[in-house]
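S.K.: Following is a predicted model, sequence given first.
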2 protein chains.
Amino acid sequence: MKLVCVDCSAELSWRESHTACSCGGRLEVIQDLKMLDGERLKTVFQERLAERMSVYASGVWRYKELILPGVPEEHIVTKYEGNTGLYTSEPIRSQLGIRALYFKAQSENPSGSFKDNGMTAAVSHGRFLGYKHFACTSTGNTSSSLAMYAAWGGCSSQVFVPSRSVSVNKVLQTLAYGAKVIRFDGTYDDGIRFLEQHGEELGLYVCNSVNPFRIEGQKSIIYEIAQYLNWELPDWIVIPGGALSNVSALGKGLEDLKNLGMITKLPRIALIQAEGASPFHRMMADGQDELIPQPNPATKASALNIGNPPSWKIARRVLRQCQGITCSVNDEEIMVSKKMIDQSGIGCEPASAATLAGLRKLMDDRIIDKDERALCILTGNLLKDTDILAETTDDMVYSDLTIESLRDL
Amino acid sequence: MKLVCVDCSAELSWRESHTACSCGGRLEVIQDLKMLDGERLKTVFQERLAERMSVYASGVWRYKELILPGVPEEHIVTKYEGNTGLYTSEPIRSQLGIRALYFKAQSENPSGSFKDNGMTAAVSHGRFLGYKHFACTSTGNTSSSLAMYAAWGGCSSQVFVPSRSVSVNKVLQTLAYGAKVIRFDGTYDDGIRFLEQHGEELGLYVCNSVNPFRIEGQKSIIYEIAQYLNWELPDWIVIPGGALSNVSALGKGLEDLKNLGMITKLPRIALIQAEGASPFHRMMADGQDELIPQPNPATKASALNIGNPPSWKIARRVLRQCQGITCSVNDEEIMVSKKMIDQSGIGCEPASAATLAGLRKLMDDRIIDKDERALCILTGNLLKDTDILAETTDDMVYSDLTIESLRDL
């Protein structure tokens, strides 16, 4: 296993902490899978489904051979993340008229978002290297996930947020887990750059979205889906696109499974962005070569409100590899789909509902066919965004507790 | 299997919906366990740990033989509830100086609380009887759990709440799942009585805390703890006490396991109430024969803010059977313990933290010994009560992003 720069192909050791290559390029973990036997792994992974209260009971570390094989068990910081529901909803499926429809509820993770899959890997890697202090730049699901795992690993965490844009509500969960939340004057990019430049000097292990070990952990989402579906994936995997780490991780996981012969056919990826924060979709749709950042991204799906996604190069490569497509949906379409998912009994935060909104649009546009099977990855919990709930749920009604008045309701 | 009245011992069929006996007494499900072989069940339950995407993948229905054996699989409404983390926290254990300490995080259930264990059983029972409409009187974890399962089962739900005391925030999750929330002028008791009297006429299956099938589902919490610990329970199980359904369910589950020979020794139960809502503890501590309701219960642990717990007779019987004890803790003690649990990386809502606060008090009082092992059941998710988080978390700090300023933090 080694780290390789996406831009200049320089190689670095995985036994060190690196946030970027010296050339500024993103780093990827490259593992030699040749030694591994896919059929044998399937058996091992199957046996581990019955594990409880061990590292292998985790829906990430169940696949340890493909995640971070070199990290000893005693360094692993796990809350049995993953193991989330893979649901079908007949009402939604029939409303869309699609052959099969699944929802993978990463929203059921211990901190309430899909970030846990990646964060358990990054924090475990940092612990293995001897770090005691962890940091990231984020106000959302990333920061609460980091705060939880740092605390659970007996370490401290520092979360950097721009003074201007942060609302206390978004960081309450992070503060509760004991993170120090540090406001600064500047943009997210300033915060990211500061941590990349000075994290090491401050003794901080940096868990921003560019941390390559987060991607390794996040790959497990597709492993788990494949395993639950008996190693036969649907035709389409639909994911929301903000920082784009999700598509990188998904693509990498699919590549692993294909290379190991554990799946025979690659699904296509549909990446859905919110219209108000869709620089990647615009680049792909317009056939441009470079991503033009969106300086003032604006969508109610707060987890997607990212104007300058750092991982766009890897994301583009992944989409090309799997004949993937992109699409954007507006906030109204997102909220209609959120209502469908909530009222199906699954529930999710707005960003997650972009998947269903995108799927509907792609079906309308005849890009996804009725006869195909699709799976939407739900990234965050219904309880994560109560402001949106307050705005959008129906009102309470009044009754004088008579049979007659209730019959009319 | 049959329903038996706690007061007059009348017997009723479990294949009907009953909220109470005609004498007004609470009903209990009584099952003849003689036909079952405990050792054989252990093997079956162990095999089912590897299940995914089937009814038996649920941490409730894994134990179907002991829950509702007569309900066919196709009527079961499950979100794979249970399967929650059973954690140890070395920092908290060593701070208390106790031999062993576990936390069972029912807070990780799909709707975020332990109510899911019981609600999946009640809604499945109602579905089996052919009901399409479900109802309860609650503003808290019960109502969101009911709304989720009713939606997931393709049914509707109605939630009755007193106009005076309900805050929109507490019912947002319930509204999101599509429940109709009905305000009325009156008390909780009025709402409960109305549903008991008129639910049937309105075609509603009533899921209030007195629903005996909720207790059957909730029993699974203790089964799962026992199974995870290889059928050897700690010396003490510590639970928060509000409506007291938890102690009824726990006691019933323990009795089942003991009768089947699946455990050899009964743990003792420590039931912890919040000082501002502790009518049951006062009755037990004062050796009174009747519960005197507390007309204006007041605790920040909102899930415990119940002045007239309906299940006190069963709770008293259970505590007598297992040499149980009660205790009350004030809001400050609860919030200190909540901070410990949150900052350990587990996290919970205030009511859950009453367990740790009670454990500490009982150790101070030499009722629980350092050399014993204790397990606290955490009932609700950290994200359930963000108002309390806003009140109690530390503030953010400011930095000008210089190395010097950060070194001082």
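M.R.: Alright, I've got the coordinates. Residues are numbered from 1 along each chain as shown, chains lettered A, B, ... in the order given.

S.K.: unless I'm mixing things up, residue A:223 is touching residue A:63, no?
M.R.: Yes. Counting by C-beta atoms under 8 Å, residue A:223 touches residue A:63, with 4.8 Å between them. For the C-beta atoms, the positions are set from N, CA and C on the backbone; glycine is no exception.

S.K.: Skipping its backbone neighbours, what lies nearest the residue in the stretch 51-200 of chain A positioned nearest to chain B in space?
M.R.: Closest contact between the stretch 51-200 of chain A and chain B, by C-beta to the nearest C-beta, is at residue A:152 (2.9 Å). In this structure, residue A:152 finds its nearest non-sequential neighbour in residue B:345, 2.9 Å apart by C-beta to C-beta, 6 or more residues apart in numbering or on different chains.

S.K.: if I read this right, that neighbour contacts residue A:156, doesn't it?
M.R.: No. Using C-beta under 8 Å, residue B:345 is not in contact with residue A:156, being 11.6 Å away.

S.K.: Neighbour count: those two, which is higher?
M.R.: Applying other C-beta atoms under 10 Å in any protein chain shown to residue B:345 and residue A:156 shows that residue B:345 carries more neighbours, namely 24 against 16.

S.K.: I'd assumed the more buried one was in a helix, is it?
M.R.: No. Counting by DSSP: H, G, I helix; E, B strand; the rest coil, residue B:345 is located in no helix; its state is coil.

S.K.: quick one: the helices in the stretch 1-150 of chain A?
M.R.: Remark: helices assigned in the stretch 1-150 of chain A by DSSP state H, counting those that start in this stretch are A:38-48, A:64-67, A:90-96, A:115-128, A:141-152.

S.K.: Throw the ones you listed into JSON lines and include mean pLDDT, thanks.
M.R.: As requested, those are exported to JSON lines (pLDDT from 0 to 100):
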{"stretch": "helix A:38-48", "mean pLDDT": "98"}
{"stretch": "helix A:64-67", "mean pLDDT": "97"}
{"stretch": "helix A:90-96", "mean pLDDT": "98"}
{"stretch": "helix A:115-128", "mean pLDDT": "98"}
{"stretch": "helix A:141-152", "mean pLDDT": "97"}
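
S.K.: Tabulate those in JSON lines, adding columns for mean neighbour count.
M.R.: Conversion of the helices of the stretch 1-150 of chain A to JSON lines gives the following (neighbours: other C-beta atoms under 10 Å in any protein chain shown):
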{"stretch": "helix A:38-48", "mean neighbour count": "15"}
{"stretch": "helix A:64-67", "mean neighbour count": "22"}
{"stretch": "helix A:90-96", "mean neighbour count": "15"}
{"stretch": "helix A:115-128", "mean neighbour count": "29"}
{"stretch": "helix A:141-152", "mean neighbour count": "30"}
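
S.K.: how about the lowest-mean-pLDDT helix or strand in chain A as PDB, C-alpha atoms only?
M.R.: When each helix and strand of chain A is scored by mean pLDDT, DSSP states H and E, helix A:403-407 comes last, with a mean of 84. Extracted C-alpha coordinates of helix A:403-407, given in PDB (Å, rounded to 0.1, in the frame of the first residue of the first chain):
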ATOM      1  CA  ILE A 403     -65.700  11.600  17.400                       C
ATOM      2  CA  GLU A 404     -67.300  13.800  14.800                       C
ATOM      3  CA  SER A 405     -64.500  16.300  14.600                       C
ATOM      4  CA  LEU A 406     -62.000  13.400  14.200                       C
ATOM      5  CA  ARG A 407     -64.000  11.700  11.500                       C
END
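
S.K.: Would you mark the buried spots in it?
M.R.: Residues of helix A:403-407 classed as buried under the neighbour-count rule (16 or more other C-beta atoms under 10 Å in any protein chain shown) are residue A:406.

S.K.: So what touches it?
M.R.: A:399, B:158, B:182, B:198, B:201, B:202 (C-beta atoms under 8 Å, 6 or more residues apart in numbering or on different chains).

S.K.: Return the members of those residues classed as buried.
M.R.: Buried among those by 16+ other C-beta under 10 Å: A:399, B:158, B:182, B:198, B:202.

S.K.: Greatest separation within those: which pair is it?
M.R.: B:182 and B:198 (12.7 Å; C-beta to C-beta).

S.K.: where along chain A do the strands fall?
M.R.: All strands of chain A, identified by DSSP state E, fall at A:2-5, A:11-13, A:27-30, A:86-88, A:100-105, A:133-137, A:156-162, A:180-184, A:204-206, A:236-240, A:268-274, A:325-329, A:373-378, A:397-398.

S.K.: Can you list the helices and strands that the fifth one packs against?
M.R.: Of the remaining helices and strands, those touching strand A:100-105 by 3 or more C-beta pairs under 8 Å, 6 or more residues apart in numbering or on different chains; DSSP states H and E are strand A:86-88, helix A:90-96, helix A:220-228, strand A:373-378.

S.K.: Centre of the chain to that strand, how far?
M.R.: 15 Å (C-alpha atoms, centre = their mean, to the nearest Å).

S.K.: Mind listing the strands that strand pairs with, and their directions?
M.R.: Strand A:100-105 sits in its sheet next to strand A:86-88 (antiparallel), strand A:373-378 (parallel), going by DSSP bridges.

S.K.: Before I go, just wanted to say thanks for your time.
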